[in-house]
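> The amino acid sequence is not available; the structure is as follows:
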């Protein structure tokens, strides 16, 4: 079986846990975290990557959820494709029900999965390009205070990656810096694993038929 993996760098660590060193993976690439903030660019970039896939890829596992612009993507491409069929990666880690419950649980929440929190505050600054105005006298903190005005808490999601303790510390620092209440919860990789197993099954069927 020959499976390609195209995923979001934001959940690289979680995807690597699921995929591990699977010998059926013949191609793997992670795209920069933050493309989901520009849905049209995200869709265009993924379609370009799909068009340039190595010819030996039988099935593509897309390590993305819908992310505002990717719903229906499997029907738009020629290569057999399996994606994470949830609104975004947070819903995939918490389930849709838990996700929407937490959205209503005590004000506006910044969801912070461990894989996002690896790079801590510098990662947030890079994600939103907040250091681009330093030469004009504005600090990243100035913009962060504006962006997170109205947020009341930061919810750290433990996804079981190896460096989760440091990730939690980064999350706590983020909350402290922005004066947010900090809480922790456990996520699950089961829904992402389910999509991966679907890709494996699809690849097995293709191999059987050839």
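Sure thing, it's come through. Remember, it's a predicted structure, so these values are computed and weren't measured experimentally.

> Now do the same contact list for residue 88.
Listed by Cβ atoms under 8 Å, 6 or more residues apart in numbering, the contact partners of residue 88 are 36, 65, 66, 67, 68. Where you see a C-beta, it was placed from the backbone N, CA and C, and this is true even at glycine.

> List buried members of those residues by neighbour count.
Neighbour-count burial (16 or more other Cβ atoms under 10 Å) is assigned, among the contacts of residue 88, to 36, 65, 66, 67.

> Restricted to strands, list these.
Judged by DSSP state E, the subset of the buried ones among the contacts of residue 88 located in strands is empty.

> Of all pairs in the residues you listed, which one is the farthest apart?
Largest separation among these by Cβ to Cβ: 36 and 66, giving 9.8 Å.

> distance between the ends of stretch 146-156?
Taking Cα to Cα, to the nearest Å, stretch 146-156 runs 21 Å from one end to the other.

> what's in contact with it?
Outside stretch 146-156, the residues within contact range by Cβ under 8 Å, 6+ apart are 102, 106-114, 117, 128, 167-168, 171-172, 174-175, 178, 180-185.

> what comes up buried for it?
Using 16+ other Cβ under 10 Å as the test for burial, stretch 146-156 gives 148, 151, 153, 154, 155, 156.
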